[in-house]
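[1] Sharing a sequence plus its predicted fold:
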Protein chains: 2
Amino acid sequence: MARFMDVHHGMQGITSDELMAAHRADLAIEKEEGVHFERAWADPESGIVYCLSEAPSAEAVQRIHERTGHKADEIHPVPLSV
Amino acid sequence: MARFMDVHHGMQGITSDELMAAHRADLAIEKEEGVHFERAWADPESGIVYCLSEAPSAEAVQRIHERTGHKADEIHPVPLSV
């Protein structure tokens, strides 16, 4: 397992309820790819959303995000953290 | 107080010790601007570092990062989180 930060652009105007709904949709199926989405942060003004996950691969993260209708624009492994 | 995600580029090859040293340098002076750096994640391969903070403004975050020698390339308020 590795940790990943993925980034979504173009989410201008996202609400707290929409962020929660998207996160819950990911959580509902994440185990099928061995992924766990830990946290997400959003800026409705710039339309950026960051998601922190643990997963076997970036591709596994993307497969979950694609199935729930919000494909990530960038997925970076973040092996270091403090 | 608001929450911010700031992003640093060009940090290729950063080590765990270097990330910790940078974070500790920020922590040592953050109170002077009313900032608190909570977490940081790094990808030594792509050279991206993400820092999560609570702060009165993006400018306050940047002033701390500038004084410790690692100015952020982007600073986004992230008022929404799950």
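    Received the coordinates, thanks. The shown structure was predicted, so the numbers you read here are calculated from the model rather than taken from an experiment. Numbers count the residues shown, from 1 in each chain, chains lettered A, B, ... in the order given.

[2] Give me the contacts around stretch A:39-47.
    The contact list for stretch A:39-47, computed with C-beta atoms under 8 Å, 6 or more residues apart in numbering or on different chains, reads A:9-15, A:19, A:22-23, A:48-52, B:3, B:5, B:52, B:76-82. For glycine as for every other residue, the C-beta is placed from the backbone atoms N, C-alpha and C.

[3] How about the residues of chain A by chain B?
    For chain A, the contact set with chain B under C-beta under 8 Å from any C-beta of the partner chain comprises A:3, A:5, A:14-16, A:19-20, A:23, A:39-46, A:48, A:50, A:52, A:76-82.

[4] List buried residues within these.
    Using 16 or more other C-beta atoms under 10 Å in any protein chain shown as the burial test, the residues of chain A next to chain B include A:3, A:5, A:14, A:19, A:23, A:40-44, A:48, A:50, A:52, A:76-78, A:80-82 as buried.

[5] thinking again about what came up before, can you flag which of the residues of chain A next to chain B belong to helices?
    Among these, the members found in helices (DSSP state H) are A:16, A:19-20, A:23.
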